[in-house]
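Colleague: any chance you can model this:
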Amino acid sequence: MTAIMDNSNQPSREEAPARSFVLRAVGLFSGDMRLCGQWVKRQAVVIQLLEWIFRGVAQVMFVNNPLSGLLIMAGLFLQNPWWALNGLLGTLVSTVSAIILGQNREAISAGLYGYNGTLVGILMAVFSAKGNWYWWLLLPNVFMSMLCPVLHSALSSVASKWDLPVFTLPFNILVCLHVAATGTNHPYFPEVDSQPNNYLHPPNDSIESLKISQLLLSVPVGVSQVYGCDSPWKGGLILLALLLSSPTICFHAMLGSAAGMLSGLALAAPHRDIYSGLWGYNSALSCIAIGGVFYVLTWQTHLLALICALFCAYMTSAISKLMSVFALPACTWPFCLSTLIFLLISSEIPAICGLPLSVVSYPEENRRYHRQLEALEKAQHSQQSGGQEEAPLKEN
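Modeller: Got it, this is the predicted structure:
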């Protein structure tokens with residue numbers, strides 16, 4: 001019997017190193033790729049800058065992973081090379097400007113000074129009425145991207161008093177500033193015409209005319225609209241990039257986009273807006289932020305993330321109508337405002353635990369940090385209680 005038991009245990013011992021090797025290999029490319037970042041620090045400046053750019057592209061979705069950024073940018077090149085070129089230029093200029101201004105090097109290497117430049121570059125190309133390959137557009141793109149770290153630093157000095165992130169506020173301010181300054185009749189940089197949204201339910205839209213297949217596709221399309229795209233394939237590639245870094249972020253991106261889509265139906269939004277993902281991208285970002293990035297993920301914060309996504313969708317409807325009166329895009333104003341409101345919540349429930357900005361990472365790492373912190377507090381509490389019990393014995 002002993003020989004039989006030894007033989008049965010032998011394959012499991014041989015498989016254990018293989019499993020550990022696979023887990024280590026997956027760990028090299030998942031999460032924040034910390035080992036890659038440490039290796040890049042020893043390389044040439046050009047390689048470091050390239051990694052910072054791809055991390056900045058991914059940081060739009062709260063992901064600090066250069067491989068995820070590379071996948072996202074590859075999908076954007078497949079969607080529209082001109083938009084991708086402007087996005088890369090915006091990320092590069094914004095990152096270099098942050099270096100010149102002497103911003104925190106760790107934040108720069110994590111891509112936190114690049115993602116607003118990514119959105120500025122892409123959305124300026126999207127809103128331009130001149131179409132693709134209008135090379136003069138690179139001039140305002142470079143100028144606005146240079147201002148991204150300026151606004152980021154200025155807003156951070158104010159938001160840091162409440163330990164809050166600035167999110168995409170620099171992008172919102174700069175794009176709206178450019179659109180308002182140029183308008184639709186500008187001879188060099190005209191913008192697409194944004195008509196006021198005075199209707200709720202077009203006559204041709206009804207429950208019977210809904211297309212279930214397009215409703216389902218609107219979930220990945222809503223994720224792709226974060227980068228100004230309306231392609232389900234681009235959305236699927238973004239979700240794959242998110243899954244590579246954090247399954248939790250990937251799940252909450254889909255959950256938030258689905259919540260935005262359902263809210264659009266409840267508010268009788270035009271079907272074409274729902275199908276094109278315009279109701280999903282703000283809610284997706286809000287759901288990710290609350291669902292494990294800035295809060296430790298528990299079932300309470302998961303529910304809070306869903307409520308925030310629904311609230312963000314309602315705010316999307318209100319802000320879109322308000323901004324369209326001034327012929328301005330809504331951008332990600334709804335996401336910024338709704339998420340900041342939910343981050344300012346004060347709660348006595350231990351499960352709703354906010355994280356300091358200095359330790360914020362991807363959700364799985366945040367949970368590990370929180371568990372280690374709880375274990376340390378319990379150990380310190382047990383040591384203090386043990387010392388209090390020994391004191392009377394020594395006196396006796």
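
Colleague: quick check, Gln59 in contact with Ser109.
Modeller: No - assessed by C-beta atoms under 8 Å, Gln59 is found out of contact with Ser109, at 11.3 Å. The way it works is simple: take the backbone N, C-alpha and C, and place the C-beta from them, glycine included.

Colleague: quick check: domain ranges of the chain?
Modeller: 32-149+158-183, 211-383 (automatic domain parsing).

Colleague: tell me the confidence at Ala266?
Modeller: Per-residue confidence (pLDDT) for Ala266: 91.

Colleague: what's the neighbour count on it?
Modeller: 12 (other C-beta atoms under 10 Å).

Colleague: show me the contacts for it.
Modeller: Taking C-beta atoms under 8 Å, 6 or more residues apart in numbering, we find Ala266 in contact with no residue.

Colleague: measure it to Leu237 for me?
Modeller: 29 Å (C-beta to C-beta, to the nearest Å).

Colleague: quick one: end-to-end length of stretch 110-121, please.
Modeller: End-to-end distance for stretch 110-121, by C-alpha to C-alpha, to the nearest Å: 19 Å.

Colleague: quick check: mean pLDDT across that stretch?
Modeller: 96.

Colleague: off-centre distance for it?
Modeller: Distance, stretch centre to chain centre, for stretch 110-121: 11 Å (C-alpha atoms, centre = their mean, to the nearest Å).

Colleague: again, but for stretch 53-60
Modeller: The mean C-alpha position of stretch 53-60 is separated from the chain mean by 9 Å, C-alpha atoms, centre = their mean.

Colleague: run through who's touching that stretch.
Modeller: 64-70, 72-73, 87-88, 91-92, 94-95, 109-115, 117-119, 168, 226-227, 241, 245.

Colleague: point out where the stretch 1-150 of the chain drops to low pLDDT.
Modeller: Within the stretch 1-150 of the chain, the stretches with pLDDT under 70 are 1-27.

Colleague: so how far is stretch 28-48 from its chain's centroid?
Modeller: In terms of C-alpha atoms, centre = their mean, the centre of stretch 28-48 is found 20 Å from the chain centre.

Colleague: can you put the domains of the chain in CSV and add distance to Val192?
Modeller: As requested, the domains of the chain are exported to CSV (distance: least, C-beta to C-beta, whole Å):
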stretch, distance to Val192
domain 32-149+158-183, 5
domain 211-383, 9
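
Colleague: from Met254, how far off is the residue nearest the centre of the chain?
Modeller: Among the residues of the chain, the one closest to the centroid is Met61, at 2.0 Å (C-alpha atoms, centre = their mean). Look at Met61 and Met254: by C-beta to C-beta, they are 12 Å apart.

Colleague: swap in Ala327?
Modeller: Distance from Ala327 to Met254, by C-beta to C-beta: 32 Å.

Colleague: more neighbours: those two, which one.
Modeller: Met254 (19 against 16).

Colleague: which helix or which strand is home to that one?
Modeller: If you go by DSSP states H and E, Met254 is part of helix 247-266.

Colleague: check which residues of the very next helix or strand once past that helix are buried.
Modeller: Using DSSP H and E, the helix or strand that follows helix 247-266 towards the C-terminus is helix 271-275. Going by neighbour count (16 or more other C-beta atoms under 10 Å), the buried part of helix 271-275 is 271, 273-275.

Colleague: and for stretch 215-233?
Modeller: 215, 217-232.

Colleague: quick one: the strands in the stretch 101-250 of the chain, in order.
Modeller: Counting by DSSP state E, counting those that start in this stretch, the stretch 101-250 of the chain has no strands at all.

Colleague: re earlier: tell me which of the buried residues of helix 271-275 is nearest to His152?
Modeller: Asp273 (30.4 Å; C-beta to C-beta).

Colleague: so that closest one sits against Trp279, correct?
Modeller: Yes - Asp273 is within contact range of Trp279, at 6.3 Å (criterion: C-beta under 8 Å).

Colleague: and Gln59, how far from Ser382?
Modeller: 40 Å.

Colleague: over to Gly37?
Modeller: 36 Å.

Colleague: more neighbours: the two, which one.
Modeller: Gly37 (19 against 10).

Colleague: quick check: buried residues in stretch 72-79?
Modeller: For stretch 72-79, by 16+ other C-beta under 10 Å, it's 72-73, 75-76, 79.

Colleague: same list, those, but as TSV with distance to Met33 and secondary structure please.
Modeller: What follows is the buried residues of stretch 72-79, written out as TSV (distance: C-beta to C-beta, whole Å; DSSP: H, G, I helix; E, B strand; the rest coil):
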residue	distance to Met33	secondary structure
Ile72	15	helix
Met73	16	helix
Gly75	19	helix
Leu76	20	helix
Gln79	25	helix
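
Colleague: nearest residue to Asp32 other than its sequence neighbours?
Modeller: Asn64 (4.3 Å; C-beta to C-beta, 6 or more residues apart in numbering).
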